[in-house]
Each structure stands twice: as structure tokens, then as C-alpha cells.
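**Student:** Give me the fold of what follows.
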Amino acid sequence: MIVVPVKEGENIEKALKKFKRKFEKTGVVKELRKRQQYDKPSVLKRLKMERAIYVQKIRQTEE
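**Tutor:** Sure, this is the predicted structure:
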């Protein structure tokens, strides 16, 4: 459970902003979106490999 302590006289928008930041850090929404669709392990492996190649090319061009 996410708890956001609100000080007396603190603006409600500021408290909501703190709540949103804490909620985003937990990764709940990201996990939910990930679970809405099943990806085969072979597809995940291919995507991971493609990303690694992409990052490697970027690092080589920087040097």
C-alpha cells in the first residue's frame, strides 16, 4: 500500500504528484500492460538480441 503523508496546509496537487511518482516507481502499470499480452519466449529472446545489437552499434559510433 502506498502512503503519502500530507502536512497541514500542504497543497493537494503536490500530494497527488508525490503519490503518482511513488505509484510509477512501483511499476504496477508497467507490469499490468506486460501481462495483458503473452509473448513467446523465442520472440522475447529475439527482441533482446535486436536491442543488444542496436545498443552496441550506438556505442561504436560514439567512440
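**Student:** just the helices in this structure please.
**Tutor:** Ranges of helices within the chain are 12-26, 28-35, 41-62, based on DSSP state H.
**Student:** Any idea which of the ones you listed gets closest to V3?
**Tutor:** helix 12-26 (8.7 Å; Cβ to Cβ). No exception for glycine: its C-beta is placed from N, CA and C like everyone else's.
**Student:** by how many degrees do that closest one and helix 28-35 diverge?
**Tutor:** 40 degrees (axes from the mean of the first three to the mean of the last three Cα atoms, to 10 degrees).
**Student:** thinking again about what came up before, now, of the helices of the chain, which is deepest in the fold?
**Tutor:** The highest mean neighbour count among these, using mean count of other Cβ atoms under 10 Å, belongs to helix 12-26: a mean of 11.
**Student:** then that helix to CSV, C-alphas only?
**Tutor:** Output of helix 12-26 as CSV, limited to C-alpha atoms (Å, rounded to 0.1, in the frame of the first residue of the first chain):
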residue,chain,number,x,y,z
ILE,A,12,-3.5,18.6,-2.5
GLU,A,13,-1.9,18.8,-6.0
LYS,A,14,1.5,18.5,-4.5
ALA,A,15,0.4,15.4,-2.6
LEU,A,16,-1.1,13.9,-5.7
LYS,A,17,2.1,14.5,-7.6
LYS,A,18,4.0,12.6,-4.8
PHE,A,19,1.5,9.8,-5.0
LYS,A,20,1.8,9.5,-8.8
ARG,A,21,5.6,9.4,-8.5
LYS,A,22,5.6,6.7,-5.9
PHE,A,23,3.0,4.7,-7.9
GLU,A,24,5.0,4.9,-11.1
LYS,A,25,8.2,3.7,-9.2
THR,A,26,6.4,0.6,-8.1
